[in-house]
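Novice: 3D model of this:
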Amino acid sequence: MVHRPEVTVRRAYEEPRPTDGARVLVDRLWPRGVSKDRADLDEWCRAIAPSTALRKWYAHDPARFEEFEHRYRAELDEPERAAALEHLRDLAERGPLTLITATKHPDVSEAQVLATLLRGNPRHGH
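Specialist: Numbering: from 1, shown residues only. Below is the predicted model of the structure:
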């Protein structure tokens, strides 16, 4: 049986849950008004965030999400982002992983793209 990693997406403004497992912020910018204590993060993976140009073009417009996802997946092939994705994959294989984002609409965010990749895209060669 293939192990499906348990990856969830939550907003930085929600209270942490005991079932979150590793909590990783995947935004380039720190969530406004959230203290480090309240965020309760295991790490901040800035390297995985979309480029500033892509983020500004997208502006969290749901009508652009499909194209954003396509462009963001292409960015994930760049060496620094690819290494960060591999790191998140390692975390997801060890136990529950919660990707944290500050966006109001996490279902159309980079965190959602990452969660989809991590849940259903096994490591190449396995």
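
Novice: now the helices: where do they sit in this protein?
Specialist: For the chain, applying DSSP state H gives helices covering 36-39, 52-58, 65-75, 79-94, 110-120.

Novice: can you count the residues close to the residue nearest to Tyr58 when sequence neighbours are not counted?
Specialist: Closest residue to Tyr58 apart from its sequence neighbours, by C-beta to C-beta, 6 or more residues apart in numbering: Phe68 at 4.3 Å. Glycine gets a C-beta too; all of them are placed from N, C-alpha and C. Close neighbours of Phe68, defined as other C-beta atoms under 10 Å, add up to 23.

Novice: same check, this time on the one 5 residues further on
Specialist: Neighbour count of Arg73, defined by other C-beta under 10 Å: 13.

Novice: next: Asp37.
Specialist: Using other C-beta under 10 Å: Asp37 sits among 7 other residues.

Novice: for Asp77, same thing?
Specialist: Using other C-beta under 10 Å, Asp77 has 9 neighbouring residues.
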